[in-house]
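Chemist: Structure for this input, please:
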Amino acid sequence: MFSSPLEAARSLIIRMNEQALEKNDDEKYDVALSGGSTPDVLFRLWADEYAQITPWKKFRFFWVDERCVPPTDDASNYGRFKVLLSDSIPDLKEGENVFRIIGEADPKAEALRYSELVTSQVRQFDCIILGIGDDGHTSSIFPGQEHLLSVSQPYMPSVHPITGIKRVAMTGKPMMHAKQTIFMVTGSGKFNIINRIINEGFDCPASRVMQQAKAPELIGDNAVLKDI
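Modeler: Sure, this is the predicted structure:
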């Protein structure tokens, strides 16, 4: 628990930088990123305060999920990363150490392509950063789509149950087998869902990943965790 979203993000950046530097010369530090307002804080801080001391060439960035929109769309998770962080970092290059989910592609075909890409590049993610939706979803696996937690393919198409927006989602196996599976939640708006999961035993995709992940962790600020 940290005093603010900024301090939670700072702690995570420092940790990832240290772990990346501990890698052998020929090893990479593989991270899977989520979207949303909390990662926005992380990206801005990384660009503003840690750009010069981060070993960017040690990092490889992948995505947990993506909406089926082009990167120019405000809803694109990759698009936010690009605008807030990678555009200002010359060492971050798509296809070299940045591997985006192509949101504008057919979701079924893209889920297969990205699954094959990740399988060929990553044996085990060093760090997967997840969010939790108000309904208990994580990645883009929503309540009622729990079967996506047990499929063999690392990424699958999914659909938002209310808006109908198509997405590509990381499935359960990569999330549960990562060296670190970190749920990053900040702001008082997340208090209710975290309280339901931690104290009321609410069964949802996020809680199932928490229970089954190899090394789960919950990082947040006072507004969401102080009274849990």
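Chemist: Got the phi and psi for residue 157?
Modeler: With angles defined as degrees, to the nearest 10, residue 157 sits at phi -70, psi 150.
Chemist: what's the closest residue to it other than its chain neighbours in contact with, if anything?
Modeler: Taking C-beta to C-beta, 6 or more residues apart in numbering, and ignoring the residues beside it in sequence, residue 157 has residue 107 as its nearest neighbour in space, at 4.0 Å. From N, CA and C alone the C-beta is placed, and that goes for glycine too. Contacts for residue 107 (C-beta atoms under 8 Å, 6 or more residues apart in numbering) come out as 68, 157, 166, 167, 168.
Chemist: Residue 195 looks like it's in a strand, true?
Modeler: No: when the secondary structure is assigned by DSSP: H, G, I helix; E, B strand; the rest coil, residue 195 falls in helix instead of a strand.
Chemist: What segments of the protein are helices?
Modeler: Per DSSP state H, the chain has helices spanning 5-21, 37-49, 77-84, 107-121, 172-177, 191-200, 205-212, 222-225. These are given in chain order.
Chemist: Can you say which of those helices is nearest to residue 146?
Modeler: Checking those against residue 146 by C-beta to C-beta gives helix 205-212 as the closest, at 6.1 Å.
Chemist: So which other helices or strands are in contact with that closest one?
Modeler: Helices and strands touching helix 205-212, by 3 or more C-beta pairs under 8 Å, 6 or more residues apart in numbering; DSSP states H and E, are helix 172-177, strand 181-185, helix 191-200, strand 216-220.
Chemist: Just name the most buried of those.
Modeler: Across the helices and strands packed on helix 205-212, averaging neighbours per residue (mean count of other C-beta atoms under 10 Å) puts strand 181-185 on top, at a mean of 23.
Chemist: what is the rounded mean pLDDT of that strand?
Modeler: Confidence for strand 181-185, expressed as mean pLDDT, is 97.
Chemist: cool, stretch 71-86 as well?
Modeler: Per-residue pLDDT values across stretch 71-86 average out to 97.
Chemist: got the buried residues for that stretch?
Modeler: By 16 or more other C-beta atoms under 10 Å, the buried positions in stretch 71-86 come out as 71, 76, 77, 78, 79, 80, 81, 82, 83, 84, 85, 86.
Chemist: who's in contact with the nearest residue to the fifth one once chain neighbours are set aside?
Modeler: The reference is to residue 79. The shortest distance from residue 79 to any residue other than its chain neighbours is 4.1 Å, reached at residue 71 (C-beta to C-beta, 6+ apart). Contact partners of residue 71, counting by C-beta under 8 Å, 6+ apart, are 78, 79, 82, 100, 103, 104.
Chemist: In JSON lines: these, plus distance to residue 219.
Modeler: Formatted as JSON lines, the contacts of residue 71 follow (distance: C-beta to C-beta, whole Å):
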{"residue": "78", "distance to residue 219": "22"}
{"residue": "79", "distance to residue 219": "24"}
{"residue": "82", "distance to residue 219": "24"}
{"residue": "100", "distance to residue 219": "24"}
{"residue": "103", "distance to residue 219": "27"}
{"residue": "104", "distance to residue 219": "32"}
